[in-house]
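# One predicted model, sequence on top.
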Amino acid sequence: MGKNKPPAKYSAAGLLWRGLRKQSWPRVWREPEFKNSYDVVIIGGGVHGLATAYYLAANHGITDIAVVDRAYLGSGGSGRNTAIVRSNYLTPEGVAFYDRSLDLYKSMSNDLNLNVMFSERGHLTLAHTDSALRTMHWRAEVNKLQGIDSSVIDPAEIKRLTPSLDVSTNTRYPIMGALYHPPGGTIRHDAVVWGYARGADAYGVDLFQQTEVLDILTEGDHGSGRVTGVRTNKGDISTPIVVNCTAGWASTISAMVDVQLPITTHPLQAAVTEPVKTFLPTVVVSGSLHVYVSQTDRGELVFGASVDPVATYNMGGTLEFTEELASHVLELMPGISKMRLLRQWAGLCDMTPDYSPVMGPTPVAGFYVDVGWGTYGFKAGPVSGEQMAACVATGETPHLIKPFELSRFTEGNLVGEKGAAAVGH
Amino acid sequence: MLLVPCPNCGPRNAADLSYNGESRPRPDPQTCSPEEWRTYLYLRDNPSGWLVESWYCSSGCRKHFTIERHTLTGELRTPILPGSKPGATKGSTK
Ligand SMILES: Cc1cc2nc3c(=O)[nH]c(=O)nc-3n(C[C@H](O)[C@H](O)[C@H](O)COP(=O)(O)OP(=O)(O)OC[C@H]3O[C@@H](n4cnc5c(N)ncnc54)[C@H](O)[C@@H]3O)c2cc1C
Ligand SMILES: [Zn+2]
């Protein structure tokens, strides 16, 4: 049973009090009892599923919700990403959408009363060719028209912002300029997951971990008809509304109701070094070199790249990735050649043909999707939760996500974001 | 590393080939509707399990061929194209 109110406050006084008395902290969310009926069942306990549950409760007063995850909350991409947020996309639809997410991220620590460590440090996308530079100008102009702080800067300015970058002209891929986006930065992804989980729980949303959806129950024809419930390893739940928030696994869930998605699942790998003193003040992305890097508050360098080319649901890492990564990073920052990698890992990405998400209703009544998050879904968590909640609560697709409906693929209205999302996430 | 059995060149590192993805029947562009054509272009089964997929031996014999691969375990089953050697091979995804 929930308390139906926003989560209790964490405070400095409370921290001191517990610290002095060596009290342990209470569990952050309940382990609820499994009920056999809910108003809404959300599949996937990542940032998207949890944010959708939170905003359904906070904005629409719908609290009879189960969020089910077959592993633990944040075990998917939400706990594996490189935590970059930005809104300097390429299409007007994309820019408006991601910018709303940045707004929600800015007030999140207050709204959820949990420090998500938003570091608005600035985001650089390097151009090493004339054509890349042209795309940067294009993006900057689209961004400016919509009031986004975004501009193209020259190598001297890049050097001033980020002295460790090699901007000399005698390299294999000389840096010719960059798209500079001051509001971009990083956020602690675990805190975002826990913040939404804690907030949703306080409103009475039931969160079930180790609960795998095995089938979706429907009446009427397959591929149309309507949702009546879900079958899990813990038993059946009857519900009129199911929201698919399973990212890399989205196709496996949609197949249960015969809804085909424009998605293929590819692994994206990342790696992190030992910590060193802070020297890299911005997030740096290089499309031509297929690499991006930022430095955490602890001093580790976090690296990522584009997705692996072969579709797979296997999250193992590869040596090819590390080798390529190292050679490309050293091209940008020769000074870090002695640093050691601590870890590498992978997560599954639900890639779409146009690098934009798939959101909203499907031909099966009561079956909603919030998928196709590819390599860019972390930054979109808040706005997706807010808009999907509105979509489910009102039965109408809000204008901010209307361009991302599943029907755009058969209607031929793609929202091409590849130029802004293939390498920088 | 994934070893992909090219029917002509034998097992090759996946990085030496181009991945075309899921094999799907191509509708006749003369007679199909735009919706059918876009469905063919964009929609995928994307199963976590056995998948029939197409590869291009870009740095070898330059032939397209089809294999069946398990997208979770990386195992391979009998290649489908004529001229390929039948029998299950094991690929590793290490
Ligand atoms: C290495 C890496 C780096 C990235 N970097 C960035 C970045 O810098 N910026 C950015 O914006 N995005 C980034 N992304 C993308 C981002 O992480 C994802 O798009 C986002 O986390 C998706 O969140 P989600 O909540 O939709 O899904 P997920 O967090 O993946 O959650 C899906 C959940 O569904 C559950 N599930 C699956 N099947 C079932 C089932 N049958 N029953 C019940 N539960 C099930 C899974 O256990 C999982 O917890 C990155 C991704 C990776 C892998
Ligand atoms: Zn060959």
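Yep, that arrived. Ligands and ions are numbered 1, 2, ... in the order given.
# Can you list the helices and strands that the one helix or strand in chain A whose mean pLDDT sits lowest packs against?
In chain A, the helix or strand scored least confidently by mean pLDDT, DSSP states H and E is helix A:418-421, which has a mean of 81. For helix A:418-421, the helices and strands in contact under the criterion 3 or more C-beta pairs under 8 Å, 6 or more residues apart in numbering or on different chains; DSSP states H and E are helix A:130-145. For the C-beta atoms, the positions are set from N, CA and C on the backbone; glycine is no exception.
# now what about the helix it packs on, what contacts it?
Helix A:130-145 is contacted from outside by A:87-92, A:95, A:125-127, A:149-152, A:176-179, A:181, A:287-288, A:419-420, using C-beta atoms under 8 Å, 6 or more residues apart in numbering or on different chains.
# For the nearest residue to residue B:57 once chain neighbours are set aside, name its beta-bridge partners.
Excluding the flanking residues, the one nearest residue B:57 by C-beta to C-beta, 6 or more residues apart in numbering or on different chains is residue B:6, at 4.7 Å. Under DSSP bridges, the beta-bridge partners of residue B:6 are residue B:10.
# And for the closest residue to ligand 1 within chain B, the neighbour number?
Residue of chain B nearest ligand 1, by C-beta to the nearest ligand atom: residue B:48 (8.9 Å). Per other C-beta atoms under 10 Å in any protein chain shown, the neighbour tally for residue B:48 reads 18.
# One more: the one 4 residues further on?
One way to gauge burial is a neighbour count; for residue B:52, by other C-beta under 10 Å, it gives 14.
# just checking, it is part of a strand?
Yes. Under DSSP: H, G, I helix; E, B strand; the rest coil, residue B:52 falls within a strand.
# Okay, now the unreliable bits of the chain?
This is for chain A. Low-confidence segments of chain A, defined by pLDDT under 70: A:1-7.
# Chain B, not that one
Using pLDDT under 70, chain B drops low at B:78-94.
# which parts of it sit against ligand 2?
Contact residues, chain B versus ligand 2 (C-beta under 5 Å from the ion): B:6, B:8-9, B:57, B:60-61.
# got a list of what the closest residue to residue A:154 other than its chain neighbours touches?
Leaving aside its sequence neighbours, residue A:154 sits nearest to residue A:177 (C-beta to C-beta, 6+ apart; 5.6 Å). Listed by C-beta under 8 Å, 6+ apart, the contact set of residue A:177 reads A:126-127, A:133, A:136, A:152-155, A:158.
# Residue B:43 contacts residue A:259, doesn't it?
No. When contacts are counted by C-beta atoms under 8 Å, residue B:43 is not listed as touching residue A:259 (9.6 Å).
# Who are the contact partners of the residue of chain B closest to ligand 1?
Neighbours of residue B:48 in contact, by C-beta under 8 Å, 6+ apart: A:249, A:251-252, A:265, A:313, B:71-72.
# cool, and residue A:390?
Neighbouring residues of residue A:390 by C-beta under 8 Å, 6+ apart: A:55, A:59-60, A:396, A:398.
# Of those, keep whichever come out buried.
residue A:55 (16 or more other C-beta atoms under 10 Å in any protein chain shown).
# export the contacts of residue A:390 to CSV and tack on secondary structure?
Shown next, in CSV, are the contacts of residue A:390 (three-state DSSP):
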residue, secondary structure
A:55, helix
A:59, helix
A:60, helix
A:396, coil
A:398, coil
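# Max pairwise distance over the contacts of residue A:390: which two?
Farthest apart among the contacts of residue A:390 by C-beta to C-beta are A:55 and A:396. That separation is 15.4 Å.
# Tell me which helix or strand residue 19 sits in.
Assuming you mean chain A. Element membership of residue A:19, judged by DSSP states H and E, is helix A:12-21.
# not quite, I wanted chain B
Secondary structure from DSSP H and E places residue B:19 in strand B:18-22.
# before we move on, what SS does residue A:125 have?
Three-state call for residue A:125 (three-state DSSP): strand.
# err, residue A:359, not the other one
Assigned with three-state DSSP, residue A:359 falls in the strand class.
# Report the contact partners of residue A:309.
A:266, B:19.
# how does it look with 6 Å?
By C-beta atoms under 6 Å, 6 or more residues apart in numbering or on different chains, the contact set of residue A:309 is residue B:19.
# looking at this, it is in a helix?
No. Residue A:309: not assigned to a helix; according to three-state DSSP it is coil.
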